[in-house]
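Asks: A structural model of the following input is requested.
(one chain, ligands or ions: 1)
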Amino acid sequence: MGSQLQRVKGTRDLLPPETTIWAAVEELARRHFERYGYREIRTPVIEPTELFVRAVGEATDVVGKEMYTFADRKGRSVTLRPESTASVVRAYLENQLVTLPAPVKLFYIGPQFRYERPQKGRYRQFHQIGAELLGDAGPWSDVELLAMLVGLLRALGFAAPTVLLNTLGDETSRTEWAQAIRAFLEPFADSLGEDSRRRLEVNPLRILDTKIASEQALLEGVPRLEQFLSPASREHFEGVQLGLSRLGINYRIEPRLVRGLDYYTHTVFEIVADGLGAQNALCGGGRYDRLVEDLGGSPTPSLGFAIGLDRLIEVLPESFRASCGQQAPVLVIGAHGASALEVLELAEELRAGAIATEAELSGRSLKAALKLADRLGCRFAVVLGADELAAGEVTLRDLGERTQRRLARGGLVGHLVGA
Ligand code: HAM
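Replies: Numbering: from 1, shown residues only. Prediction:
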């Protein structure tokens, strides 16, 4: 016998009953998004590498160190998607969705792949529920998207989600701000860690994200974007805040929130959750007004978010978990002369009547079958024997109350539906 095969590091098997919870969350998200006019898009998990290099940015950790990139058999470089915004924009352009009335509103649910060091809440294959709105520049779209996101979390039982909010301004504000940060930190370059020193050259904004305490101390006096924000950017940001207040959405401005992907402009946000340890970002998103253009389309201001589904499930409120219970099955048991096929036939009648039903087909004794019913969590067992068959009846045992009665077979579904 060969050695036992194991799953790839950083990936997980999702097993029942946990998969029931996943399916319920996904189902709720679908219904919620559809209420806002979003429709589902499914893009391939594999894309040309160049898509992510151009969209997410070469200087980001995601593209620089975390992609599952390989050459296919013809030597073309392909990548397992590390995120889906780039794919959605590619699909939007490739399928001429630009001809649809703007804004185009799409959502997706699916696996993403990043070669990160696995830890609690961080996997190499993880899953996102995301939404993208393409083709509107105004702050009210930001507000509506955030209302949809916060509404979903509320529907899942999170009490009062707080949006951590920031703006990165437009291209000019952002470039000037990046230069100011570089100028401010350069004299301290020797005190910075290796990652931040590299970022000082390629992407100084990302240093603001540092988790290293000594670097955080250095950042105390770092220039704020506010000083460089253009009047139009300021007005947009104020609009978003006004709208959030008006709709009763909790938010807090986080001047150092910069996000890890390069396509963002203006509004960026995250929602964090307790109980996740260091990987506490439950979801993140923001505006990417230049991305469609950068990928070859015409100017199409856009925005979106993605929720980390693995993390969401990890901290899912008990109230929602409890509501995901499945219907307890009924077990049909053959006794004294009823064949397995007759058991199967009756089980099919119950299933046709929308009753969750297990059929005992392996010839267990009545005692063993009742024990099985117990292990399956059944409330009822239906016993079918030669007697019952001859009379067109069944014996229904209530396993909780430990009672049993004979019923006409034709009335069984009605009886169980009401039970
Ligand atoms: P992101 O912040 O890179 O944004 O990822 C969104 C969420 O995915 C994170 O907040 C986290 O919950 C989850 N996540 C990320 N990496 C992992 C991992 N290795 N293991 C488990 N969960 C993870 C984006 O991906 C953007 N595409 C969001 C967006 C959409 N922006 C605009 N539109």
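
Asks: can you pull the contacts of the nearest residue in space to Ser230 that is not next to it in sequence?
Replies: With sequence-adjacent residues excluded and distances taken as C-beta to C-beta, 6 or more residues apart in numbering, Ser230 is closest to Ser173, at 5.3 Å. Yep, even glycine has a C-beta here, placed from its N, CA and C like the rest. Contacts were defined as C-beta atoms under 8 Å, 6 or more residues apart in numbering; by that measure Ser173 touches Leu225, Phe228, Leu229, Ser230, Ser233.

Asks: What's the per-residue pLDDT of Ser173 here?
Replies: Looking at Ser173, its pLDDT stands at 89.

Asks: Over to the one 10 residues further on?
Replies: In this prediction, Ala183 carries a pLDDT score of 93.

Asks: roughly how far is the host helix or strand of it from the heart of the chain?
Replies: Using DSSP states H and E, Ala183 maps to helix 171-185. The chain centre lies 33 Å from the centre of helix 171-185; the measure is C-alpha atoms, centre = their mean, to the nearest Å.

Asks: who's in contact with the helix or strand just after that helix?
Replies: Under the assignment DSSP H and E, the closest C-terminal helix or strand after helix 171-185 is helix 194-202. If you take C-beta under 8 Å, 6+ apart as the criterion, helix 194-202 is touched by Ala59, Arg182, Leu185, Glu186, Ala189, Leu192, Arg206, Ile207, Thr210, Ile212, Glu215.

Asks: Does the third one touch Pro204 like I think?
Replies: Yes: counting by C-beta atoms under 8 Å, Pro204 is a contact partner of Leu185 at 6.9 Å.

Asks: Contacts only, for the residue in the stretch 101-250 of the chain that the ligand sits nearest to.
Replies: At 3.4 Å from the ligand, Phe126 is the closest residue in the stretch 101-250 of the chain, using C-beta to the nearest ligand atom. Listed by C-beta under 8 Å, 6+ apart, the contact set of Phe126 reads Pro111, Gln112, Arg114, Gly308, Leu309, Asp310.

Asks: Apply 6 Å and report the result again.
Replies: Contacts here follow C-beta atoms under 6 Å, 6 or more residues apart in numbering; on that basis Phe126 touches Gln112, Asp310.

Asks: quick one: secondary structure of it?
Replies: Following DSSP: H, G, I helix; E, B strand; the rest coil, the label given to Phe126 is strand.

Asks: Name the residues linked to it by a beta bridge.
Replies: Gln112 (DSSP bridges).

Asks: pLDDT value on it, please?
Replies: What the model reports for Phe126 is a pLDDT of 98.

Asks: Around the ligand, pick out the residues from the stretch 301-419 of the chain.
Replies: Within reach of the ligand by C-beta under 6 Å from any ligand atom, the stretch 301-419 of the chain has these residues: Gly304, Phe305, Ala306, Gly308, Asp310, Arg311.

Asks: hmm, which of the contacts of helix 194-202 are the buried ones?
Replies: Arg182, Leu185, Leu192, Arg206, Ile207, Thr210, Glu215 (16 or more other C-beta atoms under 10 Å).

Asks: Can you report how many residues lie near the closest residue to the ligand within the stretch 251-400 of the chain?
Replies: Residue of the stretch 251-400 of the chain nearest the ligand, by C-beta to the nearest ligand atom: Gly308 (2.1 Å). By other C-beta atoms under 10 Å, 24 other residues sit near Gly308.

Asks: Identify the bridge partners of it.
Replies: Applying DSSP bridges, one finds that Gly308 bridges with Gln128.

Asks: Pro44 and Ser323: what is the separation?
Replies: 34 Å (C-beta to C-beta, to the nearest Å).

Asks: quick one, helices of the stretch 1-150 of the chain?
Replies: Assigned by DSSP state H, counting those that start in this stretch, the helices in the stretch 1-150 of the chain fall at 18-35, 49-56, 61-65, 85-94, 139-155.

Asks: re the thing from before, distance of the residue of the stretch 101-250 of the chain closest to the ligand relative to Ala373?
Replies: Using C-beta to C-beta, one gets 38 Å for the distance from Phe126 to Ala373.

Asks: The stretch 251-400 of the chain: helices as residue ranges?
Replies: 291-294, 309-314, 318-322, 340-352, 366-375, 386-391.

Asks: Just name the most buried of those helices.
Replies: Burial among the helices of the stretch 251-400 of the chain, expressed as mean neighbours by mean count of other C-beta atoms under 10 Å, is greatest for helix 309-314, which shows a mean of 20.

Asks: That one: how far from the chain's middle?
Replies: From the chain centre to the centre of helix 309-314 is a distance of 7 Å (C-alpha atoms, centre = their mean).

Asks: Which neighbouring elements make contact with it?
Replies: Counting contacts by 3 or more C-beta pairs under 6 Å, 6 or more residues apart in numbering; DSSP states H and E, helix 309-314 packs against strand 125-134.

Asks: mind redoing it with 10 Å?
Replies: helix 18-35, strand 104-113, strand 125-134, strand 281-287 (3 or more C-beta pairs under 10 Å, 6 or more residues apart in numbering; DSSP states H and E).
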